[in-house]
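> have a look; sequence and predicted model below, questions after that.
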Protein chains: 2
Amino acid sequence: MASSRQRLIEAAFALFDERGFEETTVEDVAERAGVGRTTFFRVFKSKEDVIFPDHAVLLAAVRDRLATATDATASVAVTEAARLVLKHHLAEGDRARIRYRLTRSVPTLRAREIASQQQYQRTFREFVHDWLGSAPHTALRAELLANAVITAHNHVLRRWLRDQIDAQAANAEFDVAMAHVVSLHGTRPDAPGEREATLVVLRTTRPLAQMLPALREIAGHPLQD
Amino acid sequence: MASSRQRLIEAAFALFDERGFEETTVEDVAERAGVGRTTFFRVFKSKEDVIFPDHAVLLAAVRDRLATATDATASVAVTEAARLVLKHHLAEGDRARIRYRLTRSVPTLRAREIASQQQYQRTFREFVHDWLGSAPHTALRAELLANAVITAHNHVLRRWLRDQIDAQAANAEFDVAMAHVVSLHGTRPDAPGEREATLVVLRTTRPLAQMLPALREIAGHPLQD
């Protein structure tokens, strides 16, 4: 048998969807769930809280996933932590779609959603900031990467929420989107103690063959004539 | 002599700063500005509107700046359009700092600020989307670049608002931040009708010399033995 918490969540989403968020009272939700008002407030602080019932658990899961990363696996950890959030919403199904409609139409819920996103943003930003260590412009780069992760996640999730793609395509698009984000941001050009070649992004109309001798020279690998 | 509009803006910011936003009425603002309540509502729709008095003008300036761009100057246009917004806030001085305090403490003003930012975000995104044309993942890439521009702008502005840097340093940091954003995002790898070589970002411990033959092969410039 479902817990009171599960019954309250199901009742709330059903009522919010049928009648609207403002038009539904806590009493309505408790009644539909077959529990008392006191039980509702033992489980949730407010009516708004029911809309993001798993936020704290999910945020903790993201933190835990990031915490397992080493320097070498940091960009994988960022991708996999963001994937936890996507997978959670895909698994929610209609509940995620009802939430999407509500957050777009009810200002207090939109504000809640923004506050939740800021917590994810901060979690990723702090992780990336630690990871980048003493690299230059660390604060800016951490903020850019954290925002790019959230932008890419939301971009794919939104396409699924709008029925533009199914869950399988969402997973595939997420892989592509995160690979793009990681390829843009996921290098640490001046990590100490590593021997590595970093090829920067260039754009030119000059033939590659013409540039190669100079590129080899710059990288310390001149042609041995 | 200052216009009624200028006097209303000055009176409003002074009162909001002294008493708080919620504690100040439209009547208080009109009285301090030496005009009637009717004049206030001829100039502004609401008390919230006074907080962002130049939003529409500034957004139009950003659109105009972007509209002058060609494909070749698009990344410069993005930088210069964002610079208009930064310069405007730096020129506001204390008014920008009062607004910063208010938007962080008054939820309705925070919501206004987010709505304003979304308009900038949309303007940049639509511009970049047009610019990228038929490139793959255009919608995602446009969203990532637009968000990166706004993140970089806000990052530098916030440092100035918090008195961590002066206006001159803010301009210099903005140049660095936008150069970073443009270097990450500002290429259009598969623009049709252009002959170009794009070197993607790689990270490897393998010596460059060892990779060169394969790289030349991939780029269609094999060694002529």
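Good, I have the coordinates.

> next up, the contacts around A:K47.
By CB atoms under 8 Å, 6 or more residues apart in numbering or on different chains, A:K47 lies in contact with A:12, A:21, A:24-26, A:29. Yep, even glycine has a C-beta here, placed from its N, CA and C like the rest.

> so how far is the host helix or strand of A:H180 off the chain centroid?
Using DSSP states H and E, A:H180 maps to helix A:167-185. Put simply, helix A:167-185 sits 12 Å off its chain's centre (CA atoms, centre = their mean, to the nearest Å).

> hmm, back to that, the contacts of A:K47: which two are farthest apart?
Spatially, the most separated pair among those is A:F21 and A:V26, at 11.7 Å (CB to CB).

> buried ones only from the contacts of A:K47, please, as a ChimeraX command.
Applied in ChimeraX, the following selects the buried portion of these according to 16 or more other CB atoms under 10 Å in any protein chain shown:
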select /A:12,21,24,26,29
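
> which of the contacts of A:K47 fall in strands?
Residues of the contacts of A:K47 located in strands (DSSP state E): none.

> what's the closest of the contacts of A:K47 to A:P53?
Using CB to CB, those come closest to A:P53 at A:A12, 8.6 Å.

> I'd guessed that closest one sits against A:E48; true?
No. Contact criterion CB atoms under 8 Å: A:A12 and A:E48 do not qualify, at 10.4 Å.

> which helices and strands sit right next to the helix holding A:H180?
helix A:74-92, helix A:138-161, helix B:138-161, helix B:167-185 (3 or more CB pairs under 8 Å, 6 or more residues apart in numbering or on different chains; DSSP states H and E).

> about what we covered before: redo the contacts of A:K47 as JSON lines? Include pLDDT and distance to A:E113.
Formatted as JSON lines, the contacts of A:K47 follow (pLDDT from 0 to 100; distance: CB to CB, whole Å):
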{"residue": "A:A12", "pLDDT": "97", "distance to A:E113": "16"}
{"residue": "A:F21", "pLDDT": "97", "distance to A:E113": "13"}
{"residue": "A:T24", "pLDDT": "97", "distance to A:E113": "18"}
{"residue": "A:T25", "pLDDT": "97", "distance to A:E113": "22"}
{"residue": "A:V26", "pLDDT": "97", "distance to A:E113": "20"}
{"residue": "A:V29", "pLDDT": "97", "distance to A:E113": "20"}
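
> could I get the contacts of A:K47 in TSV, plus columns for distance to A:A74?
As requested, the contacts of A:K47 are exported to TSV (distance: CB to CB, whole Å):
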residue	distance to A:A74
A:A12	38
A:F21	39
A:T24	43
A:T25	47
A:V26	43
A:V29	42
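
> once you drop chain neighbours, what's closest to A:Q121?
Closest residue in space to A:Q121, ignoring its immediate chain neighbours: A:A146 at 5.2 Å, by CB to CB, 6 or more residues apart in numbering or on different chains.

> and that neighbour, how many neighbours?
Neighbourhood size, A:A146 [other CB atoms under 10 Å in any protein chain shown]: 23.

> just to revisit the earlier point, give me the subset of the contacts of A:K47 that also touch chain B.
Cross-checking the contacts of A:K47 against chain B (CB under 8 Å from any CB of the partner chain) gives no overlapping residues.

> among the contacts of A:K47, which ones are in helices?
A:12, A:26, A:29 (DSSP state H).

> so can I have JSON lines of those showing distance to B:T138?
Output for the ones in helices among the contacts of A:K47, formatted as JSON lines (distance: CB to CB, whole Å):
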{"residue": "A:A12", "distance to B:T138": "38"}
{"residue": "A:V26", "distance to B:T138": "45"}
{"residue": "A:V29", "distance to B:T138": "43"}
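
> mind checking pLDDT for A:A30?
Per-residue confidence (pLDDT) for A:A30: 97.

> oh, that last question was meant for A:S134, not what I typed.
With respect to pLDDT, A:S134 has a value of 75.

> and the average pLDDT for the helix holding A:H180 is what?
For helix A:167-185, mean pLDDT is 92.

> list of residues touching that helix?
A:75, A:78-79, A:82-83, A:86-87, A:90, A:141, A:144-145, A:148-149, A:152-153, A:155-157, A:159-160, A:165, B:137, B:140-141, B:144, B:184-185, B:200-201.

> cool, and stretch A:57-74?
Residues outside stretch A:57-74 that contact it (CB under 8 Å, 6+ apart) are A:76-78, A:80-82, A:84-85, A:88, A:116, A:119-120, A:123-124, A:127-128, A:131, A:186, A:188, A:191.

> then stretch A:5-22?
Counting by CB under 8 Å, 6+ apart, A:2, A:24, A:28-30, A:32-35, A:39-40, A:43-44, A:47, A:50-51, A:53, A:94-95, A:98-99, A:101-102, A:106, A:109 sit against stretch A:5-22.

> out of the contacts of helix A:167-185, which end up buried?
For the contacts of helix A:167-185, a burial check counting by 16+ other CB under 10 Å picks out A:75, A:78-79, A:82-83, A:86, A:90, A:141, A:144-145, A:148-149, A:152-153, A:155-157, A:159-160, A:165, B:140-141, B:144, B:184-185, B:201.

> in TSV, list the helices and strands packed on helix A:167-185 along with distance to B:V62.
Compiled in TSV, the helices and strands packed on helix A:167-185 are given as follows (distance: least, CB to CB, whole Å):
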stretch	distance to B:V62
helix A:74-92	30
helix A:138-161	19
helix B:138-161	10
helix B:167-185	14
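
> can you check what angle separates the helix holding A:H180 from helix B:138-161?
Going by axes from the mean of the first three to the mean of the last three CA atoms, to 10 degrees, helix A:167-185 is angled at 50 degrees with respect to helix B:138-161.

> flag the shaky bits of chain A, pLDDT-wise.
A:1, A:186-205, A:207-225 (pLDDT under 70).

> got the domain ranges for it?
Following automatic domain parsing, one gets these domains for chain A: A:4-49, A:53-185.

> now those domains in JSON lines, with distance to B:L8?
Formatted as JSON lines, the domains of chain A follow (distance: least, CB to CB, whole Å):
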{"stretch": "domain A:4-49", "distance to B:L8": "34"}
{"stretch": "domain A:53-185", "distance to B:L8": "26"}
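
> any idea which helix or strand carries A:R101?
Following DSSP H and E, one finds A:R101 within helix A:94-105.

> in that helix, what's buried?
Within helix A:94-105, the residues that qualify as buried are A:95-100, A:102-103, counting by 16+ other CB under 10 Å.

> can you confirm whether that helix lies near chain B?
No. Using CB under 8 Å from any CB, helix A:94-105 never reaches chain B; the gap is at least 12.2 Å.

> following element in sequence after that helix, please.
The element immediately downstream of helix A:94-105 (helix or strand, assigned by DSSP H and E) is helix A:107-132.

> now the angle between helix A:94-105 and that next one, please.
110 degrees.
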